Each structure stands twice: as structure tokens, then as C-alpha cells.
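*Asks:* Here is a sequence together with a model predicted from it:
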Amino acid sequence: MKKVLIITYYWPPSGGAGVQRWLKFAKYLPQYGWEPIIYTPENPDFAIEDKSLQKDVSKDMLVIKKKIWEPYEIYKTLIGKKGQKVNVSFAEAGKKQGFIHKLALAVRGNFLIPDPRCFWIEPSYHYLAKYLKDHPVDAIISTGPPHSMHLIALKLHRKTNIPWVADLRDPWTNIDFYRELNLSWLADKIHHKKEKQVLTEANTVVSVTPTWCRELSEIANRPVDLVHNGYDEEDIVLVNNPIDVDFSIVHIGSINAARNPKVLWMALHELLQEEPELKNRLKIKLVGNVEPVVFDDIEQYQLTDYIEKIGYLSHADAITFQQTSQLLLLLINNTPNAGGILTGKLYEYMASARPILAIGPVESDIATLLKETQSGNIVDFTDVAGMKSVLLELFEKYKLGKLSSKATGYQQYSRRAQCGVMAGLLDNVTRKI
């Protein structure tokens, strides 16, 4: 069996979307003739913990952990949260908070390049260069963000010439908050230079949506391969629990200011005045972290009485929860790169056997996938009339007991199937060397 070294910042017990892509691929790679070796921090600073994900880490899988130093404790000390878990979003903080947050944002963008995990690059390179002499592998994979993981792989590739696949789960300089980093011309130049080095020197470059593959291809002047995120069929075991009695609109995951579905709040506010029956049936369930600005809008549009606020659920519990919902709400960041976003949640929603209501660009990768799989509707960020029309149609189906999912053809997006695509790329890249 061939061996592949996977360099990743996120690994259980870290929770959230960032960990699941390579946790699941590592789980299925042996079925395609590849043994994964994981390299990850021993003491990462992550905001969400989900121990339920550890079930996917085989007892036979080699996981190498080395300590990392990150500047977050300095930041948290300055804001009075030393030692606490903080969902650090420097870009958002800098826009809304005071001097310390803006200073942190400036430091992050201009000095911590490509990201605050940059202090792990050199120690990791030296450790892995020595490790690979005694424990050779057939290929290296780096996955980011954080994009510091790619710079570790870049240095290793230059030294060893081991075939390297760079997997970009999110863009680098095209990420939605990049322009919020207040970069100097020099820092901007360095970011672009390092990005291009990764994109041109990796043997294969991979991303997760057609739009992002196209954008990265234009930067690098080379093909970029598409490997979707997907859902794990072993997780999506359909339960026999009854569907909610209420007309439940359920969102699973965090909601920040960029993802705040104001068009939904506005449409529901109007419909509640026009459709008295909806008042007795509507329930909006928010599972996960929700920023205060969202609740401000909920209160403004007089929806507070219809909200059920649920905290973070483990991945396993979230999957069960979504299968009992009447309607699954999928939110896309209202940012310039929205057309290229395909959230990992989408694939699990598709496999949950419940209809999806998405808010985002109607000409986008997510709209294309929803149409292809017949798994739901999408409404534009500002289309209140369109949202009312869709909600009324769905509510009528709910009253008749006919609100269901017609999703089809989504099986090609299982984690196992997409891992097969990734394994094929590994096979190709090692044959070429």
C-alpha cells in the first residue's frame, strides 16, 4: 500500500467543517490503496470541540502531533479572555471593535503571513524532513486554510521532490475577508507571491467548487482539479424519528453578519401578517453559534417568539436533528465570492431526505448543484417577493403533509466516492514522477 503524508491543522477533537474533509478522506483512502499518515498540531487553538469525530480515526492510523506556538493567547490576554476558547475572526473583529481588534487585524494581515500559524512552518519542515528520511512516503498532501500548511509542504517538496498535492478548501487572496486585512502594498505582494509559489510548484492543485477551481487556475495558469467535500454515508443513517409537527425552518451551523438571512426575516414578517395560520405553525430553530446582529434583526422583524435557540451540537447529533426538520435552511455569505461557495453542510442536507431552502446567488455553484440534484430551492439575498412565494408553496405542501425531499443523484457526492476521485489524483501524480 502506498503512503501519503497529510499536513493538516484541523484534526479531532477539533470540531466544525474544517476538520471533516481530511478526516473522512483519511478514513476511506485505504480502500483505494493509500495509507494516510497525519501530521497535525498537538495543541491547536480551535474554538469548537467535537469528540464524536474521533470515531472516524482508526486505531491503526498514524497521527503525528507536534506542538505549535500561536499568537492568539497574546490577543486573548489583551481583550481579557486569556485561556478561554475564542472564535477568533480578526477580520470581523476589526470592522466592529476597538483599537486592540483593529491592531490585531493589521498585525495578522501584514506580519503573520500567510496566517497566524506561520510560526509552525520552520519547525515542521525541519522535523518532517528528518522524519521522511527514515520513513519515506509516496506523496504529500497539504490542506488549507490555514495556508501555512501549504508552505510546510512547499519546503518539503523542494527538498525531497516527493509528489505534492495542494488542497485549497478556501481561496487564499480571493477569500471574502482578504480586503479587510488592511494590507500594505508589500504584504499584499508577499501574499500573492507565496500563493503563486504553492499553485505553480505543487504537482497537483485541488479545490472544492467549480468557481474556485477556475479562479485558482487563472492565477496559476494551469488546471486545478475539483474534489467536492461530500457527506459520509456511514453518518447519514436515516432515523425513524417523527418529523417536526411544526413548520420548522432549521439552520445548523454558525450565523455571522455576512450570513444573516435578512431576506428571510423580512419575508416571514410580512407572511405572518398575511397568513394567520402560519402564526400557529412556524418554528425557527437555530442550531449553533449566532452573532448578536442576527438576533437584533429577528427582534426588529418581530420573530423572537418563533425562535428556538439551540447551542452547538456534536456532528452526530446535528445529523439526527436535521432529519427531523421540515425544512433545512442553507445560508451563503453575502460577499463578492458567494457564487463559488459550496458549504460542506449542503451535501449532508441533500442526503438527509429533507428539502432545502438556500439563500444566495441564483447564478452560482450552489444553485447549479441544487438544480442538478433536485434537492431544494434558492432565493437571492434581496428577493423578498421570491422568498415569500417559495415559503408559501412550501407551507402549503406542509399543510397537506406533502413537504418532502425529491433529491436524486447526490450519491456521487459521498465522502467515499469523492475520496476515490482524490485517490485517482494521487495515483496519477505518483505515476508521473
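*Replies:* All right, it came through fine.
*Asks:* OK, contacts around the residue lying farthest from the centre of the chain?
*Replies:* Relative to the mean C-alpha coordinate of the chain, counting by CA atoms, centre = their mean, the farthest residue is residue 276 (37.9 Å). Under the criterion of CB atoms under 8 Å, 6 or more residues apart in numbering, the contact list for residue 276 is empty. Heads up, the C-betas are built off the backbone N, CA and C, glycines and all.
*Asks:* Give me the below-cutoff pLDDT ranges for the chain.
*Replies:* Low-confidence segments of the chain (pLDDT under 70): 73, 75-101, 238-239, 432-433.
*Asks:* how about the strands of it, start to end?
*Replies:* Along the chain, counting by DSSP state E, strands occupy 2-7, 34-41, 62-66, 139-144, 164-168, 204-207, 225-226, 247-252, 282-287, 307-310, 327-331, 356-359, 376-379.
*Asks:* So which bits of stretch 156-170 are buried?
*Replies:* 156-157, 160, 162-170 (16 or more other CB atoms under 10 Å).
*Asks:* Quick check: of the residues you listed, which lies closest to residue 224?
*Replies:* residue 168 (8.3 Å; CB to CB).
*Asks:* who's in contact with the closest one?
*Replies:* 143-144, 147, 150, 205-208, 212, 216.
*Asks:* Whichever of those residues end up buried, select them in PyMOL.
*Replies:* Per 16+ other CB under 10 Å, the buried members of the contacts of residue 168 correspond to this PyMOL selection:
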select buried, resi 143+144+147+150+205+206+207+208+212+216
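*Asks:* Export the strands of the chain to a markdown table and append columns for distance to residue 106.
*Replies:* Converted to a markdown table, the strands of the chain look like this (distance: least, CB to CB, whole Å):
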| stretch | distance to residue 106 |
| --- | --- |
| strand 2-7 | 28 |
| strand 34-41 | 25 |
| strand 62-66 | 29 |
| strand 139-144 | 22 |
| strand 164-168 | 25 |
| strand 204-207 | 29 |
| strand 225-226 | 35 |
| strand 247-252 | 33 |
| strand 282-287 | 33 |
| strand 307-310 | 34 |
| strand 327-331 | 29 |
| strand 356-359 | 32 |
| strand 376-379 | 37 |
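*Asks:* quick one: the helices in the stretch 201-350 of the chain?
*Replies:* 210-220, 262-274, 276-279, 292-300, 315-323, 344-351 (DSSP state H, counting those that start in this stretch).
*Asks:* Figure out which of those is closest to residue 431.
*Replies:* Nearest to residue 431, of the helices of the stretch 201-350 of the chain and by CB to CB, is helix 210-220 at 21.5 Å.
*Asks:* Quick one: list the elements packing against the closest one.
*Replies:* helix 185-201, strand 204-207, strand 225-226, helix 365-373 (3 or more CB pairs under 8 Å, 6 or more residues apart in numbering; DSSP states H and E).
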